[in-house]
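[1] Coordinates for the following, if possible.
(3 chains)
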Amino acid sequence: MTRGQQFREGCIEGLIRISGLSSIVLVVLILLFLLREGVALFHTVPLGDFVMGQRWYPISDPPRFGILPLLLGSAVVTAGAAVFSVPMGVASALFISEISKGWVKETLKTGIELFAAIPSVVLGFIGITLLVPLIRQVFYLPTGLTALAGSITLAFMAMPTIISITEDALAAVPRGYREAALALGATRWQMMVRVLLPAAGSGILAAVMLGLGRVIGETMAVMMVTGNAPVIPHTLLQPVRTLTATIAAEMGETVRGSDHYVALFAIGIVLFVISFAINLIADLFLHRERV
Amino acid sequence: MAGSYWRRALRHQRAAFAALFGATFLAASASVVVIGVIFLRGWPALSWEFLTTMPTQGMRAGGIFPAIVGTLELVGLTILFALPTGVSAAIYLTEYAADSWVTRLVRLAIVNLSGVPSVVYGLFGLGVFVIFFGFGASLLAGALTLGIMTLPVIITASEEALRSVPQSFREVSYSLGASRWQTVRHAVLPFAVPGIMTGTILGISRAAGETAPILFTVAAFYLPRLPHSVFDQAMVLPYHLYVITTQIPNIPPTQRTGTALVLLLLVLSLNLSAVMLRSHFRRKRQW
Amino acid sequence: MVDPEAASGVKMSIQDWSVWYRTLRALQAIRLDIRAHEILGIIGPANSGKTSLLRSLNRMNDIHPAFRCAGRITLDGKDLYRELDSQQVRYRVGIVFALPLPLPLSIRENVTYGPRLRGERDRPRLDRLVEHSLQAASLWDEVKDRLDHPAMTLSGGQQQRLCIARTLAMEPEVLLFDEPCSGLDPISTAKVEETMVRLKSQYTIVLVTNNTKQAARVSDRTAFFLTGELIECDRTDVLFTHPRDQRTNDYLTGRFG
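    Alright, predicted model coming up:
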């Protein structure tokens, strides 16, 4: 290779290495920027008041920046979503990978994966036009914009992730486990419940965590159906406000550099930390399963 | 006695399997229901005027042309940023990086990037591109934000495509005296292109439907004319749908479902083309 | 100044050459000369280090992440690892692998792959190169009117000869063959062997083979390797009839291997 070629090769390699390391740089950058803007809040509002404060009144005088109602809003909606999506998701994964065959299996898988392709704003749109009026009628509520609407919508949004990773976890269980159980006289259902699910346990846990991790970060669909009332939720049948919806809804109204603006960045930090932690834990579970 | 135990167990199994099927059917039919409703209600709204004219009467009538154009421009710009960077990063991971703690850190970073909530990306885009770099709310800021969001998808798909190229191709290339970049460029990359394209199209379809990252970085509610440069704001389909659904009263429902349908058609056709591309190349593969 | 090695007809000289893959030793202090324009056969049971030695000769071992070495290998007197760079080595020392490995390109593109990457752009010269290489590999007559067809449509034996042509297109000085007939039928094997013998006048050839009879048919000298050591090396007719080491005799008579 000539000198000129060597130089060119070195330049290209340099560019490639920079691109490779860019992802680390970006993650750090995101964290840094959030911190830079959001930490300023804690000069005026103590961390304890922020996290545990029960009132989120950013435009009152004096403003209050307690995110407990928002944390609980996110938690309630996510927990509600878990109640629907975990049993349905695991059940679907079981049916698809262990029972169904041929064109039935392919059609079901396609139907589920198709849902993952629908943009969340479209789901929010359907939620508002179909689900919310339904809930209002069924439960005789003044408005159908409730945590329940959010939970149902998020449950369906989490399911493709939960189903696909659970499917992987089930497939990773050695065939011998299934055959041994059946040879000992168990029905297929008994084999699934007593042998398969426990054996795939940590993988299923990871699937659930990843699925719910995705929905904690969900913004548009939730915002459109949960009503945006930043009050501490007592039941599923009332409007709530999630962390994500707060940022999305209020950022447009804030003045740059104001306390409100900074508080929204602080919420961003909380979201970043939560999703980081969930991903980390889910990853640990996935690797424990492989070992 | 054993017989009745078995019969009972079988009855339980039948009930259980029926329940499993019910759950699966529900999960799988949700997408069909959603898509079906939007098609049925939105189809009447679709017309040549709807697709090619500007909105009038405060969005209550007219077309959504600027939103369509804005989405296409935004997505095109996003790919311009995300594709080269993503493919290079994937090349780094598969062809250049040694198995070290740095590499593991890079992978961890990619996994985390893909888990960050979309609205947090919006905040980041606001802080960095709109304010710090001073681009203002613009196609540029929005595309950079969406580009970072799409990066993990492209990297993962490209990595998989590069890894699926047999190692023997590289060996043959090296044995004929090729350098590392020559080998990547001529013996690996050309054969990974289908997988990379599929992943990129899927990444585009996701970026096209995202709202939260563009809320503060590019989206405008109403612009009287199309954007002239990358520093202009733009109307985009997802934001448009959000606004006419939640912020503006008295819009005829067909306007809303029509917009939803156009967005859905765009995203689904991208997905479909990715899937068709993948199976086409899988069949044509010579190795 | 006359290079002493070249003067005695030595093309490549292996001096105290040892190879490790991390902690696993594959070759131990090998001393072997490869003479110009000979066919040197290398035989031995599995895991005897034959392939490691071969791949050391054109620095293909460099690709392996855990590769460590000690000693010296020279090509025309120049140290392969310290005085030459890997690309130069591979231009001059070509290799044909055990399985036919055509790239999923056309026949022509396979043959011109190496030369084009080296910088050859002249179309007529490339065409001549293609014809000469395919003729030297005894494949020209069979493919001359479908040079632009995919290489994958050829039979196994034809693909292997294409790989030989591909290597020849680089105009190397030494050819390494790593069990080149292991996947081929007897007729293709015979064609490849006949090609090797014909090429001897222009190139120096090192042949690793599992098939002792092939070594007997084709090579001028043969070296016997066992668990990483060179046991003995001699003229083929001498080695096969009066081997000096008992282990060589046992291997040749089929007592193990």
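[2] make it CA atoms for all contacts and neighbour counts henceforth
    Fine.
[3] pull the helix or strand with minimum mean pLDDT from chain B.
    Least confident helix or strand of chain B, by mean pLDDT, DSSP states H and E, is strand B:61-62 with a mean of 77.
[4] Run through the neighbouring helices and strands of the helix or strand that comes right after that one.
    As assigned by DSSP states H and E, the chain's next helix or strand after strand B:61-62 is helix B:65-91. With contacts defined as 3 or more C-alpha pairs under 8 Å, 6 or more residues apart in numbering or on different chains; DSSP states H and E, the packing partners of helix B:65-91 are helix A:3-38, helix B:48-52, helix B:139-163, helix B:189-209, helix B:237-246.
[5] Report the angle between helix B:65-91 and helix B:139-163.
    Here the directions of helix B:65-91 and helix B:139-163 differ by 40 degrees (axes from the mean of the first three to the mean of the last three C-alpha atoms, to 10 degrees).
[6] what sits against the closest residue to chain C within the stretch 51-200 of chain B?
    Closest contact between the stretch 51-200 of chain B and chain C, by C-alpha to the nearest C-alpha, is at B:Gly177 (4.7 Å). Each residue near B:Gly177 by C-alpha atoms under 8 Å, 6 or more residues apart in numbering or on different chains is listed here: C:Ser86, C:Gln87, C:Gln88, C:Val89, C:Arg90, C:Tyr91, C:Gly114, C:Arg118.
[7] just B:Ser88 next, same as before
    Contacts for B:Ser88 were tallied using C-alpha under 8 Å, 6+ apart; they are A:Leu15, A:Ile16, A:Arg17, A:Ser19, A:Gly20.
[8] ok, back up a step: dump the contacts of B:Gly177 to TSV, plus secondary structure, neighbour count and distance to A:Val222.
    Converted to TSV, those look like this (DSSP: H, G, I helix; E, B strand; the rest coil; neighbours: other C-alpha atoms under 10 Å in any protein chain shown; distance: C-alpha to C-alpha, whole Å):
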residue	secondary structure	neighbour count	distance to A:Val222
C:Ser86	helix	20	59
C:Gln87	helix	19	59
C:Gln88	helix	14	63
C:Val89	helix	23	63
C:Arg90	helix	23	61
C:Tyr91	helix	23	63
C:Gly114	helix	24	58
C:Arg118	helix	18	59
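[9] Would you mind splitting chain A into its domains for me?
    Split into domains by automatic domain parsing, chain A comes to A:3-38, A:49-290.
[10] wait, does the biggest helix by length in chain B contact chain A?
    Assignment by DSSP state H gives helix B:2-42 as the longest helix of chain B. Yes: against chain A, helix B:2-42 shows contacts by C-alpha under 8 Å from any C-alpha of the partner chain at B:9-10, B:13, B:16-17, B:20-21, B:23-25, B:27-32, B:34, B:38.
[11] So which residues of the chain form strands?
    Just going to use chain A. Along chain A, counting by DSSP state E, strands occupy A:56-57, A:64-65.
[12] not quite, I wanted chain C
    C:10-21, C:24-35, C:39-43, C:67-75, C:78-79, C:93-96, C:174-178, C:204-208, C:221-226, C:229-235.
[13] For B:Phe191, find the nearest of those strands.
    Checking the strands of chain C against B:Phe191 by C-alpha to C-alpha gives strand C:93-96 as the closest, at 22.4 Å.
[14] What strands line up against the closest one, and which way round?
    strand C:174-178 (parallel) (DSSP bridges).
[15] what comes up buried for the partner strand?
    Using 16 or more other C-alpha atoms under 10 Å in any protein chain shown as the test for burial, strand C:174-178 gives C:Val174, C:Leu175, C:Leu176, C:Phe177, C:Asp178.
[16] what does stretch B:191-205 give?
    Going by neighbour count (16+ other C-alpha under 10 Å), the buried part of stretch B:191-205 is B:191-192, B:194-205.
[17] one step back: which strands and helices lie in contact with the longest helix of chain B?
    Partner elements for helix B:2-42 (3+ C-alpha pairs under 8 Å, 6+ apart): helix A:68-94, helix A:102-117, helix A:120-126, helix A:147-172, helix A:188-191, helix B:253-284.
[18] Include mean neighbour count when you put those helices into JSON lines, please.
    Below are those laid out as JSON lines (neighbours: other C-alpha atoms under 10 Å in any protein chain shown):
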{"stretch": "helix A:68-94", "mean neighbour count": "24"}
{"stretch": "helix A:102-117", "mean neighbour count": "17"}
{"stretch": "helix A:120-126", "mean neighbour count": "26"}
{"stretch": "helix A:147-172", "mean neighbour count": "25"}
{"stretch": "helix A:188-191", "mean neighbour count": "20"}
{"stretch": "helix B:253-284", "mean neighbour count": "19"}
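[19] got a list of contacts for stretch C:47-61?
    Residues outside stretch C:47-61 that contact it (C-alpha under 8 Å, 6+ apart): B:174-175, C:19, C:26-27, C:42-44, C:67, C:73, C:80-81, C:86, C:89-90, C:93-95, C:176, C:178, C:206, C:208, C:225-229.
[20] So the spatially most central residue of chain C versus chain B, what's the distance?
    Nearest to the geometric centre of chain C sits C:Leu176, at 0.9 Å (C-alpha atoms, centre = their mean). Distance, C:Leu176 to chain B, using C-alpha to the nearest C-alpha, to the nearest Å: 11 Å.
[21] Residues in a beta bridge with that residue, which ones?
    C:Ile95, C:Val206.
[22] pretty sure it is touching C:Lys200, no?
    No: with contact defined as C-alpha atoms under 8 Å, C:Leu176 does not reach C:Lys200; the gap is 11.8 Å.
[23] before we move on, the earlier item: separation between the residue nearest to the centre of chain C and C:Tyr81?
    18 Å (C-alpha to C-alpha, to the nearest Å).
[24] Likewise for C:Thr241?
    With distances taken as C-alpha to C-alpha, C:Thr241 is found 37 Å from C:Tyr81.
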